[in-house]
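Asks: Show me the folded form of this:
(one chain, ligands or ions: 1)
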Amino acid sequence: MNFELSEKEALLQKKVREFAEEKLLPGVIERDETSSYPIDLYREMVDMGLIGLPYEKEYGGQGGNYLDYAIAVKEISRVDASLGISFSVCTSLYGGSVYNSANEEQKKKFLKPVLEGGALGSFGLTEPNAGSDAGGCVTVAEKKGDHYVLNGAKCFTTNGPLCDYIAVYALTQPELKSKGLSLFLVEKGTPGFTIGKVENKMGIRAAQVSETIFTDCVVPAENLLGKEGDGFKIAMKTLDGGRIGVAAQGLGIAEGAFEIARKYLMKREQFGKPLYKNQYLAFKMAELECVIDQARLMLYKAAMDKSEGRPYSIAAAKAKLLCTNAAMQVTTEAVQMLGGNGFMKDYHVERMMRDAKITQIYEGTNEIQKLIISGALFK
Ligand SMILES: Cc1cc2nc3c(=O)[nH]c(=O)nc-3n(C[C@H](O)[C@H](O)[C@H](O)COP(=O)(O)OP(=O)(O)OC[C@H]3O[C@@H](n4cnc5c(N)ncnc54)[C@H](O)[C@@H]3O)c2cc1C
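Replies: Sure thing, here's the model as predicted:
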């Protein structure tokens, strides 16, 4: 068992870290304040091959694996967690929905533009009355000849306002509830597909999150992905992979805040010595280092389990729980260790603390991760 990154993985980490520090860092505070999404920077990430990392080349991917993907999301999120989640949604929620269900022709048609073409994908599962209980969706898709007619609304759709494609889950047989859920691919510009309220958020403010609305929206029958009634299973499988992305986002936030705090404690002097020479603070950092290392090991295990074809749902839930709790703990402590400066926007950690919070909520709250982990214990 080797716990070190390979030379190739270490190189990828270095390349993405340099990109994030050179290109993402300069405008990150302004983007947070103005809630503006940097599509040009996102497209640079596409050009670097990041979005398609874990997929085969014939679908516009890079032929890498989920560990490569986790490393890249982590490094982007160390600096800009908004771009980290936008990336993760395109690769694992949109990409995963299509990859886990589509036939060859659909995969080429709907994956390539997002994985290598710079188009944005999104994932529409959550509805106002179907959050943790995703099986409670009421959006419907009625078959009429060679097409389906979608009616309903999704909420909190990340990338929603800018998306070119949405993987949307709707009921083809409402009486079967979650067993009647099916997956459809809807393209931007399809009549009846509109964007509703764009959310004003506590964190990941540069990411764009909105309602996505379907009103008599006519979708060709060939845009059904998988079979009718497969939707819930596809969504759950896709979310297992998505959780590796959110875990990587959380770990990146934790690592980024830790590094800012470490440098600050070495530079800032009080009582005639650098802050780190107070054992309280040095021990606090030792504890946080252990929290981060433990989260990282779990994330890399989940990513390798998925990449090598082993069951990974439980490992992904554990990684999501550990990494996102690490993000919240490390960022909160970092704000405290930076004192008054920690509360100021210029020092980044207050933004990271706000960004960390959502990682404990989306793609299954951390309570839901505990349900998954404990459910496997008492089968
Ligand atoms: C910024 C943002 C972006 C998002 N992006 C997307 C997206 O792109 N696509 C998408 O489909 N969805 C998205 N979501 C939705 C997100 O996944 C849900 O908000 C999340 O799953 C929780 O659902 P809810 O908000 O309805 O909370 P609820 O389900 O109402 O939960 C409220 C509280 O009750 C707890 N709870 C619920 N059930 C249980 C239980 N059985 N046991 C113990 N505790 C429980 C929860 O953990 C939570 O603390 C996003 C949400 C946000 C805020």
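Asks: Verify the stated contact: N100 with M236.
Replies: No: the criterion here is C-beta atoms under 8 Å, and N100 misses it with M236 at 9.9 Å. Backbone N, C-alpha and C define where each C-beta goes, glycine included.
Asks: Name the residue in the two with the higher neighbour count.
Replies: Using other C-beta atoms under 10 Å as the criterion, N100 and M236 rank with N100 on top: 20 against 17.
Asks: phi, psi of the more buried one?
Replies: Torsion angles at N100 (phi, psi; degrees, to the nearest 10) stand at phi -80, psi 0.
Asks: number of nearby residues for the residue of the stretch 101-250 of the chain found nearest the ligand?
Replies: For the stretch 101-250 of the chain, the residue closest to the ligand is G131, as judged by C-beta to the nearest ligand atom, at 1.6 Å. The local packing of G131 (other C-beta under 10 Å) involves 17 other residues.
Asks: give me every residue that touches it.
Replies: By C-beta atoms under 8 Å, 6 or more residues apart in numbering, no residues touch G131.
Asks: cool, and R78?
Replies: 17, 20, 252-253, 255-256, 259.
Asks: just the buried members of the residues you listed?
Replies: The neighbour-count test (16 or more other C-beta atoms under 10 Å) marks 17, 20, 252-253, 255-256 as buried among the contacts of R78.
Asks: Name the helix or strand for E228, please.
Replies: Using DSSP states H and E, E228 sits within no helix or strand.
Asks: can you count the residues close to it?
Replies: Number of residues near E228 (other C-beta under 10 Å) recorded here: 17.
Asks: again with M1
Replies: Quick note: M1 (other C-beta under 10 Å) scores 2 neighbours.
Asks: Please report the distance of it from Y300.
Replies: Distance, M1 to Y300, using C-beta to C-beta, to the nearest Å: 11 Å.
Asks: List just the nearest of the buried ones among the contacts of R78 to the ligand.
Replies: Nearest to the ligand among the buried ones among the contacts of R78, counting by C-beta to the nearest ligand atom, is I253 at 14.3 Å.
Asks: Rounded mean pLDDT for the strand or helix carrying the closest one, please.
Replies: Assigned by DSSP H and E, I253 belongs to helix 231-267. Here helix 231-267 scores 98 as its mean pLDDT.
Asks: Tell me the buried residues in it?
Replies: Neighbour-count burial for helix 231-267 flags 231-258, 260-262, 264-265 (criterion: 16+ other C-beta under 10 Å).
Asks: again, but for stretch 283-293
Replies: Here stretch 283-293 shows 284-285, 288, 291-292 as buried, counting by 16+ other C-beta under 10 Å.
Asks: Adding distance to L93 and secondary structure, write these out as CSV.
Replies: As requested, the buried residues of stretch 283-293 are exported to CSV (distance: C-beta to C-beta, whole Å; DSSP: H, G, I helix; E, B strand; the rest coil):
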residue, distance to L93, secondary structure
K284, 35, helix
M285, 34, helix
L288, 29, helix
V291, 27, helix
I292, 25, helix
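Asks: Rebuild those residues as JSON lines, extending it with distance to S77.
Replies: As requested, these are exported to JSON lines (distance: C-beta to C-beta, whole Å):
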{"residue": "K284", "distance to S77": "23"}
{"residue": "M285", "distance to S77": "21"}
{"residue": "L288", "distance to S77": "17"}
{"residue": "V291", "distance to S77": "17"}
{"residue": "I292", "distance to S77": "13"}
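Asks: nearest to V209, of these?
Replies: Checking the buried residues of stretch 283-293 against V209 by C-beta to C-beta gives I292 as the nearest, at 27.2 Å.
Asks: correct me, but the closest one touches A254?
Replies: Yes: I292 is within contact range of A254, at 5.3 Å (criterion: C-beta under 8 Å).
Asks: tell me the domain ranges of this protein?
Replies: By the assignment in automatic domain parsing, the chain contains the domains 7-115, 121-231, 233-377.
Asks: tell me how far the last one is from the chain's mean position?
Replies: Okay, so that is domain 233-377. 14 Å (C-alpha atoms, centre = their mean, to the nearest Å).
Asks: can you check stretch 117-132 too?
Replies: On the basis of C-alpha atoms, centre = their mean, stretch 117-132 sits 11 Å off its chain's mean C-alpha point.
Asks: ditto for stretch 97-109
Replies: Worked out by C-alpha atoms, centre = their mean, stretch 97-109 lies 20 Å from the chain centre.
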